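K.L.:
Pasting the sequence and the predicted model now:
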Amino acid sequence: MFEIQTSGQYHYKNALIERDIDLLTQLAALNLVHVAFSVTTLQAELQRLLEPRTSSPERKIRAIKTLSDAGVPVIVLAAPMIPSLNDHELFDIAKAVSEAGARSLQHMVIRMNGAIPQLFEDWLDRHYPQRKQKVLQGIKELHGGRVQDSRFGKRMKGEGSRAAIIARQAEVARKKYQLHQPLPVLNTELHAFHKTAQLDLFMC
């Protein structure tokens, strides 16, 4: 459950990253890697329902501490923030990951496109029917009255008063728990550039 980004940042949803601690420690010593953890909630039951094949909140926090203690820079993504489900947890998440050694915290609000809205509504019917309308209304408030939102620059952060409140909470949480520390600049000196005949086609 991870994505490897070209920036040298590993984005994880699973504590299995601990298996690579020896390699990551060596890479971090050369400023070649950052690790980004997604922490959606600290509620074990909600985590199980939202992300059933990922690590529990407790295991994620423990993994963040293990990596941080080993000198691996960790950033946390509190995402997705879902109205009336987990958006009230921002401060608790910030406190927990700060105590575990994370250096930075970012957040994203829920965004849905394609068939996802219907799947999410079905999920709400099964697990949180009493909250369904409140959750959906909150999502619409984040996205200009729509459930779906693919607008670049808006879909991740949302807009309107509700999005502004969440953003302000994240900002205050970062300051309170010192989660605005800059990450080490990644070292690109070791990247080799291999000139090929194919590249010559673009350099004429």
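P.N.:
Sure, I can see it. Numbers count the residues shown, from 1 in each chain.
K.L.:
which residues does the residue nearest in space to the middle of the chain bridge with?
P.N.:
The chain has residue 77 as the residue nearest its centroid, 2.7 Å off, counting by Cα atoms, centre = their mean. For residue 77, the beta-bridge partners under DSSP bridges are residue 38, residue 106.
K.L.:
Beyond the helix or strand containing residue 123, next helix or strand please.
P.N.:
Using DSSP states H and E, residue 123 sits in helix 116-127. With elements assigned by DSSP H and E, the helix or strand that comes after helix 116-127 is helix 132-142.
K.L.:
Could you measure from the residue nearest to the centre of the chain over to residue 14?
P.N.:
Look at residue 77 and residue 14: by Cβ to Cβ, to the nearest Å, they are 14 Å apart. Yep, even glycine has a C-beta here, placed from its N, CA and C like the rest.
K.L.:
Can you show me the helices along this protein?
P.N.:
Applying DSSP state H to the chain gives helices spanning 21-29, 44-50, 57-69, 90-99, 116-127, 132-142, 160-176, 197-200.
K.L.:
do you know which of those helices lies nearest residue 38?
P.N.:
With Cβ to Cβ, the closest approach to residue 38 among the helices of the chain belongs to helix 57-69: 8.2 Å.
K.L.:
other SSEs contacting that closest one?
P.N.:
When contacts are defined as 3 or more Cβ pairs under 8 Å, 6 or more residues apart in numbering; DSSP states H and E, helix 57-69 sits against helix 21-29, strand 34-38, helix 44-50, strand 74-81, helix 90-99.
K.L.:
go with 7 Å
P.N.:
Applying 3 or more Cβ pairs under 7 Å, 6 or more residues apart in numbering; DSSP states H and E, we find helix 57-69 packed against helix 21-29, strand 34-38, strand 74-81, helix 90-99.
K.L.:
now it against strand 34-38, angle please.
P.N.:
Here the directions of helix 57-69 and strand 34-38 differ by 170 degrees (axes from the mean of the first three to the mean of the last three Cα atoms, to 10 degrees).
K.L.:
Dump helix 57-69 to PDB, keeping only the CA atoms.
P.N.:
What follows is helix 57-69, C-alpha atoms only, in PDB (Å, rounded to 0.1, in the frame of the first residue of the first chain):
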ATOM      1  CA  PRO A  57      -4.000   3.700  13.400                       C
ATOM      2  CA  GLU A  58      -1.800   2.400  16.300                       C
ATOM      3  CA  ARG A  59       0.500   0.500  13.900                       C
ATOM      4  CA  LYS A  60       0.800   3.500  11.700                       C
ATOM      5  CA  ILE A  61       1.800   5.800  14.600                       C
ATOM      6  CA  ARG A  62       4.300   3.200  15.800                       C
ATOM      7  CA  ALA A  63       5.800   3.000  12.300                       C
ATOM      8  CA  ILE A  64       6.100   6.800  12.100                       C
ATOM      9  CA  LYS A  65       8.000   6.700  15.400                       C
ATOM     10  CA  THR A  66      10.300   3.800  14.200                       C
ATOM     11  CA  LEU A  67      11.200   5.700  11.100                       C
ATOM     12  CA  SER A  68      11.600   9.000  12.800                       C
ATOM     13  CA  ASP A  69      13.800   7.500  15.500                       C
END
